[in-house]
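Student: here is a sequence with its predicted model. Questions after.
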Amino acid sequence: MKALVSGATGFLGGALSRRLHNMGWDVTALGRNTSKLDQLEREGIRAHRLDLKEKGDMATACKEQEIVFHCAALPSPWGNFEEFYQTNVIGTRNVIRGCEEHQVKRLVYVSTPSIYFGYSSRINVRETASLPEPVSNYAATKLLAEQEMDEAFARGLAVIAIRPRAIFGPGDTVIFPRLIPRLRSGRLPILGDGENLVDLTYIENVVDALLLCVNSPAGTLGKKYNISNDEPVKLWEFIERICTDLNLPVPKRKISYQTAMAAASTLEAIFTLIPTHPEPPITRMSISMMANSTTLDINAAKNELGYQPKISVAEGFDKFMQWWKETESLRGGF
């Protein structure tokens with residue numbers, strides 16, 4: 001089976017590319033990080049540096065492919081809308097057009113459950129739930145990208161999407177690498193009451209979900225599926241466990257949600273005025289994610305895709321911590 005993986009230099013795209021390669025697939029990995037592409041090539045995976053925003057490049061990349069996994073995105077909690085739009089919307093549009101031009105059998109898209117969440121708790125959210133106003137440019141443009149997928153499906157392209165929640169595990173580049181340095185500083189307070197529940201998803205479980213999308217029944221096409229480990233955890237208890245394992249100071253001081261949001265709002269306003277628009281140390285989105293409960297209903301994925309998370313949060317945590325400690329020196333102490 002021939003497959004193209006966009007975003008292969010990212011956390012999920014890299015894990016997917018390696019799994020497919022180990023399964024004997026003919027994989028072409030696309031990405032922007034040259035060093036990571038070189039590593040994939042050393043592992044025997046064909047790799048190309050490519051800009052999703054270039055329509056011609058994507059059309060060429062999709063030629064003779066059977067399955068395209070679109071994992072690439074700009075996932076930052078802060079940044080210029082146009083940058084997000086060009087990568088997450090125009091990039092997705094170019095992937096779609098490449099698939100249509102070369103009659104790719106199926107396009108599997110990685111979306112996000114960030115589109116569900118605003119500035120309050122939401123528990124057991126289904127795919128059909130009402131959507132709030134997007135709280136970030138990332139969420140807003142990923143929602144627009146989903147609309148591009150809907151239009152492609154209406155034109156006849158076989159598309160299917162997943163919305164994986166808070167992916168973690170060895171190789172994580174987004175969640176814990178941002179959190180652990182703040183814990184190391186000893187300045188991170190508990191935001192809110194410290195009782196909020198969150199869903200996490202171990203990386204290999206997400207890869208399992210993507211593989212299930214390849215041969216899922218025709219009735220699943222055009223749909224989006226929530227993916228998680230289906231075992232919500234108390235976020236601040238989980239953070240305490242990280243601190244214990246890494247001998248870091250455990251957050252004790254509490255700041256109310258309202259106070260934290262007011263501070264984040266002020267910082268956002270100030271940092272927006274700076275010509276380079278750097279990311280503030282805290283944002284309303286990050287505060288909301290750290291203080292509110294956010295969990296998904298994954299029954300649709302279970303019933304229609306046959307998805308079952310094989311690696312528990314506890315086992316995934318142990319695997320992540322082992323990797324983190326083994327590679328810590330390469331990150332200069334982080």
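Tutor: Cool, got the structure.
Student: residue 92 against residue 109, yeah?
Tutor: Yes: at 7.4 Å, residue 92 and residue 109 qualify as touching, with contact defined as C-beta atoms under 8 Å. All C-beta spots, glycine's among them, are computed from the backbone N, C-alpha and C.
Student: list residues touching both of these two?
Tutor: Among the neighbours of residue 92, those also in contact with residue 109 (C-beta atoms under 8 Å, 6 or more residues apart in numbering) are 70, 145, 149.
Student: and which of these is nearest to residue 255?
Tutor: Nearest to residue 255 among these: residue 145, at 34.3 Å, using C-beta to C-beta.
Student: what mean pLDDT would you report for the helix or strand where the closest one lies?
Tutor: When secondary structure is defined using DSSP states H and E, the element that contains residue 145 is helix 137-154. Over the span of helix 137-154, the pLDDT mean works out to 97.
Student: please save the CA atoms from that helix in PDB.
Tutor: Taking C-alpha atoms only, helix 137-154 is exported to PDB below (Å, rounded to 0.1, in the frame of the first residue of the first chain):
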ATOM      1  CA  ASN A 137      -6.800  31.100  15.600                       C
ATOM      2  CA  TYR A 138      -5.700  27.500  15.600                       C
ATOM      3  CA  ALA A 139      -9.300  26.300  16.400                       C
ATOM      4  CA  ALA A 140     -10.800  28.700  14.000                       C
ATOM      5  CA  THR A 141      -8.700  27.600  11.000                       C
ATOM      6  CA  LYS A 142      -9.000  23.900  11.800                       C
ATOM      7  CA  LEU A 143     -12.800  24.400  11.700                       C
ATOM      8  CA  LEU A 144     -12.500  26.100   8.300                       C
ATOM      9  CA  ALA A 145     -10.300  23.200   7.200                       C
ATOM     10  CA  GLU A 146     -13.000  20.700   8.200                       C
ATOM     11  CA  GLN A 147     -15.400  22.700   6.000                       C
ATOM     12  CA  GLU A 148     -13.000  22.200   3.200                       C
ATOM     13  CA  MET A 149     -13.200  18.500   3.900                       C
ATOM     14  CA  ASP A 150     -17.000  18.600   3.900                       C
ATOM     15  CA  GLU A 151     -17.000  20.300   0.500                       C
ATOM     16  CA  ALA A 152     -14.500  17.700  -0.900                       C
ATOM     17  CA  PHE A 153     -16.700  14.900   0.300                       C
ATOM     18  CA  ALA A 154     -19.700  16.500  -1.400                       C
END
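Student: who's in contact with that helix?
Tutor: By C-beta under 8 Å, 6+ apart, the surrounding residues in contact with helix 137-154 are 73-77, 79-81, 84-85, 87-89, 92-93, 96, 99-100, 107, 109, 111-112, 114-115, 117, 131, 134, 159, 161, 221-222, 224.
Student: what about those residues, which are in strands?
Tutor: Among the contacts of helix 137-154, the members falling in strands are 107, 109, 159, 161, 224 (criterion: DSSP state E).
Student: biggest separation within these, which pair?
Tutor: In terms of C-beta to C-beta, the ones in strands among the contacts of helix 137-154 reach their longest pairwise distance at 107 and 224, which sit 12.8 Å apart.
Student: which of the two has more neighbours?
Tutor: Neighbour totals were compared for residue 107 and residue 224, and residue 107 leads with 28 against 22 (other C-beta atoms under 10 Å).
Student: dump the residue contacts of that one.
Tutor: Applying C-beta under 8 Å, 6+ apart as the definition, the contact partners of residue 107 turn out to be 67-68, 70, 95-96, 99, 149, 152, 157-160.
Student: which among these count as buried?
Tutor: Applying 16 or more other C-beta atoms under 10 Å to those, the neighbour count classes 67-68, 70, 95-96, 99, 149, 152, 157-160 as buried.
Student: redo these as a markdown table? Include distance to residue 205.
Tutor: Converted to a markdown table, the buried ones among the contacts of residue 107 look like this (distance: C-beta to C-beta, whole Å):
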| residue | distance to residue 205 |
| --- | --- |
| 67 | 19 |
| 68 | 21 |
| 70 | 19 |
| 95 | 24 |
| 96 | 26 |
| 99 | 26 |
| 149 | 22 |
| 152 | 27 |
| 157 | 27 |
| 158 | 24 |
| 159 | 22 |
| 160 | 17 |
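Student: brilliant, that's me finished.
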